[in-house]
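*Asks:* Here is the input, now give the coordinates:
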Amino acid sequence: MKFLVIAQDLKTSGTSEGIVSRSFLGKLRKIYPEAIIRVVYLRNMESENQLDLLPVNSIQEIQVRRSPPKFIKILNRIYWRVFNSSLNDQYLVSQYRHHIKRINWTEYDHIFIRSAGNNYETILACSGLPLLKNAVINFHDPYPQFLDPGSDHAPSKLEFNRQKRMRKIVLQAKTCITPSQSLSEDLEFFYGSRKKFYTLPHQFAPAVFANSAITKKNGNREKVVVTYQGAVQMGRNLDILLDAYLELLNRKGGFRDTTQFLLRITGPYSSELKEKYQHHPNLIVLEQIPFSRSVQEMKTETDIVIILENCRKRSNILPGKVPFIASLNKPFLCLSPKISELRRLIHEPAFVATCDDREEILQKLDHLITSVFQKKEFKEDPFRGYFNEKNFNNRLKVILKVGNSF
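*Replies:* Model prediction:
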């Protein structure tokens, strides 16, 4: 069996998509050890990739321009207002299309085209190309961006034109997949597709990341350490969590000496948060570290892991780091809206709290911290095997059997 994977993000750090695309390749090799796997990696920036760790037969690495020339940007200021289409988008998509058109795809049994970022250049570049009829296209997030409940993008003619272009691709492709059942249902409806959008959950494959030793910096390991590592964006409400934790310290003074909250955050609001909470000694704000080091830190230095979904009315996304967190077999607290993909998947009530209910968050934090002190074990997998290899294998086999339907 021969696989062709066209990817836009295989970075080892900085993005969840890099983590899950690398893990997808790791799991694909494990399930099909004798298969031929070729990767075309269309990257648009210099980054730490460690491609030698990926268990594939060959990788063609191509640098694609990240931004349009200045004259196109200037023209686009008028163009998009008149034509409700972006010259910037068209230029960048053409750069990807130039390279994808040159791929000899006919020798492969299965083709996966993986999206990345907000603009989906790799998928959009395939519009009208013959390889689409044999391709499985992966939507990692909602597209266009206004479909993301955590986004501040409003519907516009520009966004609806993007939707029309993507709908043509959806109809041409062999099939479409997303990592979230909620997202699959939303996109299938939004694109008016008679084809089923299949759900293939994110995975975590440790072998595709380098082992990294951790130098302990957090002092007395007798303390219970709560950790959040990630971005503060797309409607994620970190303030309410930190306020709940600080209120818990006021109610239970003993926790001041026996707990700490470790933060490694990025995103447009991270500077404001760092400034707001910098004088609280129990809140430790550290710099971002590579994902391989983050893995080791959360394995050895963390007792309770925090997951943030967007805090709007609903969330249809599966965050990329969740399979890794599930693999830790440690308590975690997920802050979710009342309707969300993770609320559907998590079967342990102690591990999920309503993202805008500070009292509930406080009570759940209190319960988890106390459980760690008491060395209570949560023996059942809160995801009930959703991220295990068997479930991934079964779903993948169904997707590979899908035929073309026009």
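*Asks:* so where do the helices sit in the stretch 151-300 of the chain?
*Replies:* In the stretch 151-300 of the chain, the helices defined using DSSP state H, counting those that start in this stretch lie at 157-172, 181-190, 238-251, 255-258, 270-276, 291-300.
*Asks:* can you redo those as JSON lines with mean neighbour count, mean pLDDT and distance to residue 8?
*Replies:* From N, CA and C alone the C-beta is placed, and that goes for glycine too. Listed next are the helices of the stretch 151-300 of the chain as JSON lines, based on neighbours: other CB atoms under 10 Å; pLDDT from 0 to 100; distance: least, CB to CB, whole Å:
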{"stretch": "helix 157-172", "mean neighbour count": "17", "mean pLDDT": "92", "distance to residue 8": "15"}
{"stretch": "helix 181-190", "mean neighbour count": "18", "mean pLDDT": "95", "distance to residue 8": "18"}
{"stretch": "helix 238-251", "mean neighbour count": "18", "mean pLDDT": "96", "distance to residue 8": "28"}
{"stretch": "helix 255-258", "mean neighbour count": "16", "mean pLDDT": "94", "distance to residue 8": "44"}
{"stretch": "helix 270-276", "mean neighbour count": "14", "mean pLDDT": "84", "distance to residue 8": "25"}
{"stretch": "helix 291-300", "mean neighbour count": "19", "mean pLDDT": "89", "distance to residue 8": "17"}
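*Asks:* Turn these into a markdown table, columns for distance to residue 124.
*Replies:* Listed next are the helices of the stretch 151-300 of the chain as a markdown table, based on distance: least, CB to CB, whole Å:
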| stretch | distance to residue 124 |
| --- | --- |
| helix 157-172 | 6 |
| helix 181-190 | 15 |
| helix 238-251 | 33 |
| helix 255-258 | 50 |
| helix 270-276 | 30 |
| helix 291-300 | 27 |
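*Asks:* in what helix or strand does residue 60 lie?
*Replies:* Assessed by DSSP states H and E, residue 60 sits inside strand 58-63.
*Asks:* can you pull the alpha-carbon coordinates of that strand into CSV?
*Replies:* Presented in CSV, the C-alpha positions along strand 58-63 are these (Å, rounded to 0.1, in the frame of the first residue of the first chain):
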residue,chain,number,x,y,z
SER,A,58,10.7,9.9,2.0
ILE,A,59,10.1,13.6,2.7
GLN,A,60,10.2,16.3,0.1
GLU,A,61,10.6,19.6,1.9
ILE,A,62,9.6,22.7,0.0
GLN,A,63,9.9,26.3,1.2
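*Asks:* ok, back up a step: right, and the helices of the stretch 151-300 of the chain - which one's nearest residue 135?
*Replies:* Of all these, helix 157-172 sits nearest to residue 135, with 8.6 Å by CB to CB.
*Asks:* sorry, back to before: in terms of secondary structure, what does the strand holding residue 60 contact?
*Replies:* Contacts defined by 3 or more CB pairs under 8 Å, 6 or more residues apart in numbering; DSSP states H and E place strand 58-63 against strand 36-43.
*Asks:* Go through the strand it packs on and flag the buried ones.
*Replies:* By 16 or more other CB atoms under 10 Å, the buried positions in strand 36-43 come out as 37, 38, 39, 40, 41, 42, 43.
*Asks:* measure residue 225 to residue 298 for me?
*Replies:* In this view, residue 225 and residue 298 are 10 Å apart by CB to CB, to the nearest Å.
*Asks:* what do you get for residue 224?
*Replies:* Distance, residue 224 to residue 298, using CB to CB: 14 Å.
*Asks:* so what sits against both of the two?
*Replies:* Overlap of the contact sets of residue 224 and residue 298 (by CB atoms under 8 Å, 6 or more residues apart in numbering) is empty.
*Asks:* where along the stretch 1-150 of the chain do the helices fall?
*Replies:* Applying DSSP H, counting those that start in this stretch to the stretch 1-150 of the chain gives helices spanning 16-31, 70-83, 87-100, 121-124.
*Asks:* what's the average pLDDT for the second one?
*Replies:* Mean pLDDT, helix 70-83: 91.
*Asks:* Could I get the contacting residues of residue 117?
*Replies:* 8, 9, 17.
*Asks:* same deal with residue 59?
*Replies:* Taking CB under 8 Å, 6+ apart, we find residue 59 in contact with 38, 39, 40, 41, 51.
*Asks:* can you list those in JSON lines and add pLDDT and distance to residue 107?
*Replies:* Formatted as JSON lines, the contacts of residue 59 follow (pLDDT from 0 to 100; distance: CB to CB, whole Å):
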{"residue": "38", "pLDDT": "98", "distance to residue 107": "9"}
{"residue": "39", "pLDDT": "98", "distance to residue 107": "15"}
{"residue": "40", "pLDDT": "97", "distance to residue 107": "13"}
{"residue": "41", "pLDDT": "96", "distance to residue 107": "19"}
{"residue": "51", "pLDDT": "93", "distance to residue 107": "22"}
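*Asks:* you'd agree residue 375 is in a strand?
*Replies:* No - Residue 375 is assigned coil when assessed by DSSP: H, G, I helix; E, B strand; the rest coil, not a strand.
*Asks:* and it, how many neighbours does it have?
*Replies:* With neighbours defined by other CB atoms under 10 Å, the count for residue 375 comes to 6.
*Asks:* Run a quick neighbour tally on residue 94.
*Replies:* Residue 94: 14 surrounding residues under other CB under 10 Å.
*Asks:* ok, for it, nearest residue in space, not its chain neighbours?
*Replies:* By the measure of CB to CB, 6 or more residues apart in numbering, the closest residue to residue 94 outside its immediate chain neighbours is residue 125, 7.6 Å from it.
*Asks:* Thought residue 125 was touching residue 97, still the case?
*Replies:* Yes - applying CB atoms under 8 Å, one finds residue 97 in contact with residue 125, separated by 3.9 Å.
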